[in-house]
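Visitor: coordinates for the following, if possible.
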Amino acid sequence: MNSFYSQHAGCVVRWHDLPGQGDPVVFIHGLGCASSYEYPRVVCDPRFGSRRAILIDLPGSGYSDKPECYRYRTSDQAQVVVELLNHLHIEAFWLYGHSMGGSIAIETAALTQNRILGLIVSEPNFHAGGGMFSRAIAAQDEHSFITRGFSALLSAETSPWAGCLQSNAPHAVWRGATALVEGIQPDWSEHFLALSCPVTLLFGEHSLPDAEAEEMQQLGVTVMIIPDAGHSMSWENPSALAQALSACVSGG
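Guide: Numbering: from 1, shown residues only. Prediction:
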């Protein structure tokens with residue numbers, strides 16, 4: 001695992017740089033997750049195509065540091081991703097983000113339009129208001145979530161999400177969830193639709209029907225469906241996700 005010091009976050013950020021062919025695919029994980037946990041099965045799948053992959057653990061998550069005096073907003077996390085791209089001297093890349101990571105990826109893409117080759121997002125937050133988990137977390141105050149809510153969330157979770165959730169700092173989870181509920185202006189959907197690079201939206205089959213997926217499709221956005229999966233497609237059907245990402249990067 002590699003590391004660098006993020007001036008923006010004021011901490012050490014860690015990532016995997018997995019060797020492969022072509023311009024790298026950069027992976028950004030969602031709320032309470034970690035790319036080091038989420039994506040090894042995806043990028044090692046033969047359907048991914050032996051491409052170079054960069055798996056970032058954002059500040060507050062996984063193997064990266066978890067500073068207490070950092071805001072953990074999507075805009076801040078996007079700045080950290082840009083810092084890493086600059087640190088690695090990457091001039092051309094593909095970007096994938098899931099859920100909150102999709103929102104962060106949209107902001108990252110807007111900051112790097114001169115070098116991003118394409119953006120793929122799976123079930124991102126397009127608007128303020130958050131999702132089921134982020135709303136429940138943000139409904140508590142930060143102190144209550146840190147002292148009681150986080151442990152209760154972990155105890156109640158029976159899916160593989162529990163494995164990476166416990167690697168996250170409670171204050172980072174709360175602040176990230178609150179940022180999703182509050183949103184940004186203009187919102188993520190407006191930034192997404194304004195991008196000049198190719199964009200693709202992924203949805204799990206079990207997450208449908210979904211009004212945002214239908215709206216984006218009507219607006220001309222390419223929407224791909226991951227079969228036999230819902231929101232947590234990286235562990236529900238990693239091989240199908242690998243194939244979809246490869247198709248996006250290959251142009252079809």
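
Visitor: tell me if I'm right that S239 and C44 touch.
Guide: No: the pair S239 / C44 is not scored as a contact, 10.3 Å apart, by CB atoms under 8 Å. Backbone N, C-alpha and C define where each C-beta goes, glycine included.

Visitor: count of neighbours near H206?
Guide: 15 (other CB atoms under 10 Å).

Visitor: need the strands for the protein, in chain order.
Guide: For the chain, the strands defined by DSSP state E cover 2-6, 11-18, 21-28, 51-57, 93-98, 116-122, 199-204, 222-226.

Visitor: buried sites along the fifth one?
Guide: Applying a neighbour-count criterion of 16 or more other CB atoms under 10 Å, the buried positions in strand 93-98 are 93-98.

Visitor: closest to V249 out of these?
Guide: Using CB to CB, W94 is the member of these that lies nearest V249, at 5.2 Å.

Visitor: residues contacting that closest one?
Guide: Contacts for W94 (CB atoms under 8 Å, 6 or more residues apart in numbering) come out as 23-26, 116-120, 248-249.

Visitor: quick check: beta-bridge partners of it?
Guide: When bridges are called by DSSP bridges, W94 pairs up with V25, G118.

Visitor: how near is it to R71?
Guide: In this view, W94 and R71 are 27 Å apart by CB to CB, to the nearest Å.

Visitor: and for V43?
Guide: Using CB to CB, we find V43 at a distance of 30 Å from R71.

Visitor: between these two, which one's more packed in?
Guide: More crowded of V43 and R71, by other CB under 10 Å: V43, with 23 against 16.

Visitor: burial count for the residue nearest to E38 when sequence neighbours are not counted?
Guide: Counting by CB to CB, 6 or more residues apart in numbering, the nearest residue to E38 once its immediate chain neighbours are dropped is S234, at 4.7 Å. When neighbours are counted by other CB under 10 Å, S234 registers 25.

Visitor: ok, now the one 4 residues further on?
Guide: P238 sits with 22 neighbouring residues when counted by other CB under 10 Å.

Visitor: tell me the contacts of it?
Guide: 41-42, 45.

Visitor: just how off-centre is stretch 98-112 within its chain?
Guide: With CA atoms, centre = their mean, to the nearest Å as the basis, stretch 98-112 stands 7 Å off its chain's centre.

Visitor: one more: stretch 210-227?
Guide: 18 Å.

Visitor: just the CA trace of that stretch, in PDB.
Guide: The C-alpha trace of stretch 210-227 is given here as PDB (Å, rounded to 0.1, in the frame of the first residue of the first chain):
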ATOM      1  CA  ASP A 210     -35.700   4.500  -9.700                       C
ATOM      2  CA  ALA A 211     -36.900   7.900 -10.700                       C
ATOM      3  CA  GLU A 212     -33.400   9.400 -11.000                       C
ATOM      4  CA  ALA A 213     -32.200   6.600 -13.300                       C
ATOM      5  CA  GLU A 214     -35.200   7.100 -15.500                       C
ATOM      6  CA  GLU A 215     -34.700  10.900 -15.600                       C
ATOM      7  CA  MET A 216     -31.000  10.600 -16.500                       C
ATOM      8  CA  GLN A 217     -31.800   8.100 -19.300                       C
ATOM      9  CA  GLN A 218     -34.400  10.500 -20.700                       C
ATOM     10  CA  LEU A 219     -31.700  13.300 -20.600                       C
ATOM     11  CA  GLY A 220     -29.500  11.100 -22.800                       C
ATOM     12  CA  VAL A 221     -27.200   9.600 -20.200                       C
ATOM     13  CA  THR A 222     -26.100   6.100 -20.800                       C
ATOM     14  CA  VAL A 223     -27.500   3.900 -18.000                       C
ATOM     15  CA  MET A 224     -26.200   0.300 -17.500                       C
ATOM     16  CA  ILE A 225     -27.800  -2.200 -15.200                       C
ATOM     17  CA  ILE A 226     -25.800  -4.600 -13.000                       C
ATOM     18  CA  PRO A 227     -27.700  -7.900 -12.800                       C
END
